[in-house]
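# Have a look at this prediction, sequence included:
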Amino acid sequence: MSGLLIEACVTFSVLSAIEAGLEVYVVGDACGGLTPASYDLPLRRMEAAGARVTSGIQVLLELQRDWTRHATYDQARAIVETHGGGYGIGLAYERDMIHPT
C-alpha cells in the first residue's frame with residue numbers, strides 16, 4: 001500500500017487490513033507525509049503492527065525477478081535507470097560502456 005498522506009490514509013488502511021488478517025506491504029518511498037517526523041512515526045507504528053516496509057524499486061525488482069525476463073526488460077530497466085539512484089547509474093553505465101549497442 002501507498003498513498004499521499006501516510007499519517008491518515010495509509011495508516012488507517014494498513015491497520016484495517018492487518019486487523020482483517022491480510023499480509024500488508026507498505027511502499028514507504030511512495031507515501032507522502034507532512035513532516036519527516038510525522039512520516040516516520042506512522043511507518044514505525046505500521047511496522048510494529050505487522051506491516052512489511054519496502055520500497056518502490058524493491059517492488060519493481062521483485063516483479064521483474066531477474067534481467068532475463070525479456071518481455072518486461074526494457075521497461076523495468078528504464079524505470080530503474082531513471083529512479084534507481086546509484087543502481088540505475090550502474091545499469092546505464094553497463095548498458096553504455098560494457099555492452100554498447
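Perfect, thanks for sending it. This one's a predicted model, so the numbers in the text were calculated from it and none came from an experiment.

# Could you list the domains of this structure?
6-54, 57-98 (automatic domain parsing).

# Poorly predicted segments of this structure, please.
By pLDDT under 70, the low-scoring segments of the chain are 101.

# what are the ranges of the helices in it?
11-19, 36-48, 56-64, 70-83, 85-93 (DSSP state H).

# got JSON lines for the ones you listed, with mean neighbour count and distance to residue 29 too?
For glycine as for every other residue, the C-beta is placed from the backbone atoms N, C-alpha and C. Shown next, in JSON lines, are the helices of the chain (neighbours: other C-beta atoms under 10 Å; distance: least, C-beta to C-beta, whole Å):
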{"stretch": "helix 11-19", "mean neighbour count": "16", "distance to residue 29": "15"}
{"stretch": "helix 36-48", "mean neighbour count": "14", "distance to residue 29": "10"}
{"stretch": "helix 56-64", "mean neighbour count": "15", "distance to residue 29": "5"}
{"stretch": "helix 70-83", "mean neighbour count": "13", "distance to residue 29": "9"}
{"stretch": "helix 85-93", "mean neighbour count": "13", "distance to residue 29": "11"}
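
# can you list these in a markdown table and add distance to residue 5?
Formatted as a markdown table, the helices of the chain follow (distance: least, C-beta to C-beta, whole Å):
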| stretch | distance to residue 5 |
| --- | --- |
| helix 11-19 | 9 |
| helix 36-48 | 9 |
| helix 56-64 | 17 |
| helix 70-83 | 22 |
| helix 85-93 | 25 |
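
# So which of those is nearest residue 2?
Proximity to residue 2 (C-beta to C-beta) singles out helix 56-64 among the helices of the chain, at 8.0 Å.

# so how far is that closest one off the chain centroid?
7 Å (C-alpha atoms, centre = their mean, to the nearest Å).

# Determine the set of other helices and strands touching that helix.
strand 25-27, helix 70-83 (3 or more C-beta pairs under 8 Å, 6 or more residues apart in numbering; DSSP states H and E).

# contact partners of it?
Contacts to helix 56-64, defined as C-beta atoms under 8 Å, 6 or more residues apart in numbering, come from residues 2, 25, 27, 29-30, 72-73, 76, 79-80, 83-84, 87.

# I'd like the residues you listed written out as JSON lines, with distance to residue 65 added.
Compiled in JSON lines, the contacts of helix 56-64 are given as follows (distance: C-beta to C-beta, whole Å):
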{"residue": "2", "distance to residue 65": "21"}
{"residue": "25", "distance to residue 65": "17"}
{"residue": "27", "distance to residue 65": "18"}
{"residue": "29", "distance to residue 65": "21"}
{"residue": "30", "distance to residue 65": "20"}
{"residue": "72", "distance to residue 65": "9"}
{"residue": "73", "distance to residue 65": "11"}
{"residue": "76", "distance to residue 65": "10"}
{"residue": "79", "distance to residue 65": "15"}
{"residue": "80", "distance to residue 65": "13"}
{"residue": "83", "distance to residue 65": "19"}
{"residue": "84", "distance to residue 65": "16"}
{"residue": "87", "distance to residue 65": "16"}
